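In: Provided below are the primary sequence and the corresponding predicted coordinates.
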Amino acid sequence: EDKVVQSPLSLVVHEGDTVTLNCSYEVTNFRSLLWYKQEKKAPTFLFMLTSSGIEKKSGRLSSILDKKELSSILNITATQTGDSAIYLCARGTGSNYKLTFGKGTLLTVNP
Amino acid sequence: EAQVTQNPRYLITVTGKKLTVTCSQNMNHEYMSWYRQDPGLGLRQIYYSMNVEVTDKGDVPEGYKVSRKEKRNFPLILESPSPNQTSLYFCASSLEGPNEKLFFGSGTQLSVL
């Protein structure tokens, strides 16, 4: 089935905490796993992962793909209030041009 | 500035009154796509287009039409809107397909009464 599952659905932390967001997918012809951040408006791109075990990093954010476990994690270290957002993961296939999103994780970072 | 422009930002209409949400990108992207976002359901793909005159259904195409007559434009048409189409709509584009960075428009909040 063409499903992407994110966990947790919501998370509340304090500034300075480290968080790990999870994304699992059911694979048929998997091609890529993408992470987006959505604040008040449109989603913005964070990472694209295609190869297992290779970490992508941008500042305090990092992500890695595990093709064996059909999953990916997004880590945010030393969280700030500006990290409060919905984090979306999406899975693309090689067989068509569809992109399937998970329901997202709502992260709230309190001062 | 590279961007995806959607209009209108907000729209309130009544059941059955045809409407069009426009989407335009200035990045010469091949791939364009429409999504709707509903609480608890996340982003769901409505239609996508791989190139001019080439479109295909996403996961929730019922009640929607699209066209891609020019590369830059990808309008979403609701021929006979119903209340269950009340949602936040996003248009997005990328250079070649969904397996790369998508650029999203600012969204259209649609209410069908």
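Out: Perfect, thanks for sending it.

In: Name whatever forms a beta bridge with residue 47.
Out: No chain specified, so I'll use chain A. Legend: beta-bridge partners of A:Phe47 under DSSP bridges are A:Trp35.

In: The intended chain is chain B.
Out: Taking DSSP bridges, one obtains B:Trp34, B:Lys57 as the residues bridged to B:Tyr47.

In: Also B:Cys91?
Out: B:Cys91 forms beta bridges with B:Trp34, as assigned by DSSP bridges.

In: B:Leu43 too?
Out: If you apply DSSP bridges, the partners that B:Leu43 bridges to are B:Gln37.

In: Quick check: which element contains A:Thr100?
Out: Take DSSP states H and E as the rule and A:Thr100 turns out to sit in strand A:99-101.

In: Residue numbers of chain B in contact with chain A?
Out: Contacts of chain B with chain A, taken as Cβ under 8 Å from any Cβ of the partner chain, map to B:31, B:33, B:35, B:40-45, B:48, B:50, B:56, B:58-59, B:90, B:97-107. (C-beta placed from N, C-alpha, C; glycine too.)

In: B:Gly58: what's it in contact with?
Out: Residues counted as contacts of B:Gly58 (Cβ atoms under 8 Å, 6 or more residues apart in numbering or on different chains) are A:Lys98, B:Ser33, B:Trp34, B:Tyr35, B:Arg44, B:Gln45, B:Ile46, B:Tyr47, B:Tyr48.

In: ok, 10 Å please
Out: By Cβ atoms under 10 Å, 6 or more residues apart in numbering or on different chains, the residues touching B:Gly58 are A:96-100, B:33-36, B:44-48, B:64, B:66.

In: out of everything not next to it in sequence, what's closest to it?
Out: Of all residues not flanking B:Gly58 in the chain, B:Gln45 sits nearest, at 3.1 Å (Cβ to Cβ, 6 or more residues apart in numbering or on different chains).

In: quick one, phi/psi of the one you found?
Out: Backbone torsions for B:Gln45, taken as degrees, to the nearest 10, come to phi -80, psi 130.

In: Surely it and A:Thr93 touch.
Out: No - with contacts counted by Cβ atoms under 10 Å, B:Gln45 stays clear of A:Thr93, the gap being 11.9 Å.

In: Show me whatever sits in contact with both of the two.
Out: Counting by Cβ under 10 Å, 6+ apart, the common neighbours of B:Gln45 and A:Thr93 are A:Leu99, A:Thr100, B:Pro98.
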